[in-house]
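Undergrad: turn this into a structure:
(one chain, ligands or ions: 1)
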Amino acid sequence: MMKNIGIIIELDNGRVKESNFGMITLARAKNYELFAFVMDADAKSVKQDLESFGITKIVEICLAPAQRNNPAVRAKAIIMALKEFDISMVLGLSTAMGKDLLPRIAALIGAPLVMDCFHLDLEQSCVKTSQYSGKTIATIQVTGDIRVFGIRPNAIEPIKAPGSARILKFDGSNIVTRGFKVVKTNGNDKGTSLNLAEADVIIAGGRGMKNSDNFTLLFQCAKKLNAAVGASRVAVDSGWVPYSMQVGQTGEKVSPKVYIACGISGSIQHFAGMKTSGMVIAINTDEGSAIISNCDYYTIADALDIIPELTRILENG
Ligand SMILES: Cc1cc2nc3c(=O)[nH]c(=O)nc-3n(C[C@H](O)[C@H](O)[C@H](O)COP(=O)(O)OP(=O)(O)OC[C@H]3O[C@@H](n4cnc5c(N)ncnc54)[C@H](O)[C@@H]3O)c2cc1C
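TA: Down below sits the predicted model:
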C-alpha cells in the first residue's frame, strides 16, 4: 500500500532553497508518495524544481497575512494538512525555521521527533543522528502513527528524479492561536545574506581574529567566495559577532562542501558542529593546534595577513 510522506519546503524569496533537494532525495522510495508543503508561495513557481526531484503532490498552504510569521499557526496548518492528506511521516530541515516548527508539530500531536538526521531508512522507520558532540552516531527507531524528522541541511547529495506533480490547495487562512503573537521580525544586518546551515562554503573565525573589526575581513572574503561567515564560541562570547553565527555543539551544525577555519584551534565542541564538512582548510599560527591534524589542507600563517590577500586574489582573478 502506498504511504504518504509530507516534506516541509523552505523557500528563500519565493525560490526553493537548495538544501531541500537533498532532503527530498533521502525520502524517495518505492511505495512512498512525496507531498511537498509550500507555505505562502505560489506553488506554480516552484513546481518545476520540486517535480524534477520526485515530488508528485505540491500542497499550497494559504495562511492569513497577519499569521504568516507565526510558527504556532504554521505548525497548526501543517498538522491539519497531515490529516487531510493522510500523511504518516513529516520531514523538515534542521534549520532555524525547522528547529522552531518541527518540535511544535511533534509536541502538539504527541509524535516522536528526531532532529539533525543524516540518514533515513523508511522501511524500518530508523534514522541516524550524531550525539555527544559527534563522538557517537545513534540509530534511532521510532514508532507511532505520525513520525517527525529534522534533516541536517546539505548532508545528503541531491539526485534528480524527474516526474510530474499535481498542485493541491489547503486553506489555513482561518487558523489562529491564542497566547502567541509575532510582533516584529528583525533581519540580522551583521551577517551575510547566506544562511550558515545551507552554505556550500563557510569561512569561520575564532579567537585568532582578535576583535570584532577583523571579522570585516571575513565578510569581505565571504562575498568573493559566495560563502557564509561562521564563528567559534570564543568569538561569540567576546561579543565580536552574534550567536546566530556560532558553529559547534551549542551552535549551528553545518555540512558545507568547504569549511575554512581562521584562527580556530579545533576544540571537540567546535568540531561537533562542522566535522561533516566535505573539506576543511585551516589557517592557524600554531602547527600543534588540533585543527591542523584534523583538516585536509592548512597554512601556518597569520589569518589577518592571509584573508585580505585571498580576497585580493579573488577580486583580481
Ligand atoms: C559545554 C560547552 C559547549 C561548547 N560549545 C561550543 C560551540 O558550540 N562552538 C565552539 O566553537 N566552541 C564551543 N565551546 C568552547 C570550546 O571548548 C573552545 O573554547 C572554543 O571552541 C575555542 O575557540 P577558538 O578556537 O576560537 O579559541 P582558541 O581555542 O583560543 O584558539 C584560537 C586559535 O587561534 C590561533 N591563532 C591565534 N592568533 C592567530 C592568528 N593571528 N592567525 C591564525 N591563527 C591564530 C591559535 O593558534 C589557536 O589555535 C564549548 C565549550 C563547552 C564547555
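Undergrad: tell me where this structure has helices.
TA: Under the criterion DSSP state H, the chain contains helices at 19-27, 43-51, 71-84, 96-109, 215-225, 233-237, 268-274, 290-293, 303-316.
Undergrad: who are the packing partners of the fifth one?
TA: In terms of contact count using 3 or more C-beta pairs under 8 Å, 6 or more residues apart in numbering; DSSP states H and E, helix 215-225 is assigned the packing partners strand 201-205, strand 228-231, helix 303-316. (Glycine included, C-beta is placed from N, CA and C.)
Undergrad: residues near Pro224, how many?
TA: Residue 224: Lys, not Pro. For Lys224, the count of nearby residues is 14 (other C-beta atoms under 10 Å).
Undergrad: ok, the one 3 residues further on next?
TA: Under the neighbour criterion other C-beta under 10 Å, Ala227 is assigned a count of 24.
Undergrad: apart from its chain neighbours, what residue comes closest to it?
TA: Distances taken as C-beta to C-beta, 6 or more residues apart in numbering put Val201 closest to Ala227, at 3.8 Å, once the chain neighbours are dropped.
Undergrad: which ones are touching that neighbour?
TA: Contact partners of Val201, counting by C-beta atoms under 8 Å, 6 or more residues apart in numbering, are Leu225, Asn226, Ala227, Ala228, Pro256, Lys257, Val258, Tyr259, Ile260.
Undergrad: the residue of the stretch 1-150 of the chain found nearest the ligand: what's it in contact with?
TA: Going by C-beta to the nearest ligand atom, the ligand is nearest to Ser133 of the stretch 1-150 of the chain, at 8.0 Å. With contact taken as C-beta under 8 Å, 6+ apart, Ser133 is in contact with Gln249, Ile268, Gln269, Phe271, Ala272.
Undergrad: and those near the ligand, which?
TA: Gln249, Gln269 (C-beta under 6 Å from any ligand atom).
Undergrad: residues from the stretch 101-250 of the chain in reach of the ligand?
TA: Residues of the stretch 101-250 of the chain lying close to the ligand (C-beta under 6 Å from any ligand atom) are Gly206, Arg207, Gly208, Ser232, Arg233, Val234, Ala235, Gln246, Val247, Gly248, Gln249, Thr250.
Undergrad: how does it look with 5 Å?
TA: With C-beta under 5 Å from any ligand atom as the criterion, the stretch 101-250 of the chain meets the ligand at residues Gly206, Arg207, Gly208, Ser232, Arg233, Val234, Gly248, Gln249, Thr250.
Undergrad: need those residues in TSV (columns: neighbour count).
TA: Listed next are those as TSV, based on neighbours: other C-beta atoms under 10 Å:
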residue	neighbour count
Gly206	27
Arg207	15
Gly208	22
Ser232	31
Arg233	20
Val234	19
Gly248	25
Gln249	17
Thr250	13
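Undergrad: walk me through the domains of the chain.
TA: Domain segmentation of the chain under automatic domain parsing yields 3-172, 201-316.
Undergrad: mind putting the ones you listed into JSON lines with mean pLDDT?
TA: As requested, the domains of the chain are exported to JSON lines (pLDDT from 0 to 100):
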{"stretch": "domain 3-172", "mean pLDDT": "94"}
{"stretch": "domain 201-316", "mean pLDDT": "96"}
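Undergrad: I'd assumed Lys76 was in contact with Ile61.
TA: No: under the criterion of C-beta atoms under 8 Å, Ile61 makes no contact with Lys76, lying 10.6 Å away.
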